[in-house]
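Novice: Could you work out the structure for the sequence below:
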Amino acid sequence: MSAALGSVVGSIINNVESAIATAAVDVVGVYDQNYNQLFSGARPIKAKIAPKAKLMDHPLETGATITDHRVFDPTEIELSLIFTPATYLTDYQAVLSAYTGAALLTVQTRADTYLNMAIQAPPHEESPDQADTITMILSLRQVTFVQAQTSSVPTPAAATNSATVKKGAQQGTPATATQTSAVQSQTSESAGGSSTLYNLIGGL
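Specialist: Purely as a prediction, here's the structure:
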């Protein structure tokens, strides 16, 4: 009776320990947009979260430096992963698929949840010490994708009768017969006036 009870108790303890271990590992996980866990066979053993901000500094003539505002950089996360031997090939391909497909992921840690994370580098290591699995330091960065919008620019209408239009160097146009006759008439009158004035002065 005691042996059977001890066996049952031992089984319960093993199940509880297994559940606790599984829950502890899954505290940190990578999920898709529908909150489905991805490459669950890659167990996170360390998470490094690095939020940063740039302080906008401006020097003064007095030699002091003031800061008027700051710009927040995208959050970066490094996940140290060790792949389960039974599924490491499948999980590795799933990581590559998310990487090449620019999938937006959600990273859950003990402290917070980080949305719109994209894999920017999935380097892995293979060594004789771990012949049946691989390790990886998965680098993710928070991103915001935007859709570029284009629009056609209407062709401006040709400007006419406008003195502000830049025409560059222009060739002169020949004078008309009327313009030539008027200029010759004015020249003759000017010449005649000068001769009469000269004659008057000369007569004096």
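Novice: Any buried residues in whichever helix or strand Ser80 is part of, and which?
Specialist: In this structure, Ser80 sits in strand 76-83 according to DSSP states H and E. For strand 76-83, a neighbour-count test (16 or more other C-beta atoms under 10 Å) marks 76-77, 79, 81-83 as buried. Glycine gets a C-beta too; all of them are placed from N, C-alpha and C.
Novice: If you count contacts, what does that strand end up packed against?
Specialist: With contacts taken as 3 or more C-beta pairs under 8 Å, 6 or more residues apart in numbering; DSSP states H and E, strand 76-83 sits against strand 42-50, strand 135-142.
Novice: That strand pairs with which strands, parallel or anti?
Specialist: strand 42-50 (antiparallel), strand 135-142 (antiparallel) (DSSP bridges).
Novice: sorry, back to before: would you reformat the buried residues of strand 76-83 as JSON lines and include pLDDT?
Specialist: Shown next, in JSON lines, are the buried residues of strand 76-83 (pLDDT from 0 to 100):
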{"residue": "Glu76", "pLDDT": "93"}
{"residue": "Ile77", "pLDDT": "94"}
{"residue": "Leu79", "pLDDT": "93"}
{"residue": "Leu81", "pLDDT": "91"}
{"residue": "Ile82", "pLDDT": "90"}
{"residue": "Phe83", "pLDDT": "91"}
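Novice: now for these, which pair is the farthest apart?
Specialist: Farthest pair in the buried residues of strand 76-83 (C-beta to C-beta) is Glu76 and Phe83. Separation: 22.1 Å.
Novice: Can I get the strand holding Ser80 in CSV, CA atoms only?
Specialist: Extracted C-alpha coordinates of strand 76-83, given in CSV (Å, rounded to 0.1, in the frame of the first residue of the first chain):
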residue,chain,number,x,y,z
GLU,A,76,16.4,45.5,-30.4
ILE,A,77,16.3,42.0,-28.9
GLU,A,78,18.9,39.2,-28.9
LEU,A,79,17.5,35.7,-28.1
SER,A,80,20.0,32.9,-27.3
LEU,A,81,18.4,29.7,-28.5
ILE,A,82,19.2,26.1,-28.3
PHE,A,83,17.3,23.8,-30.6
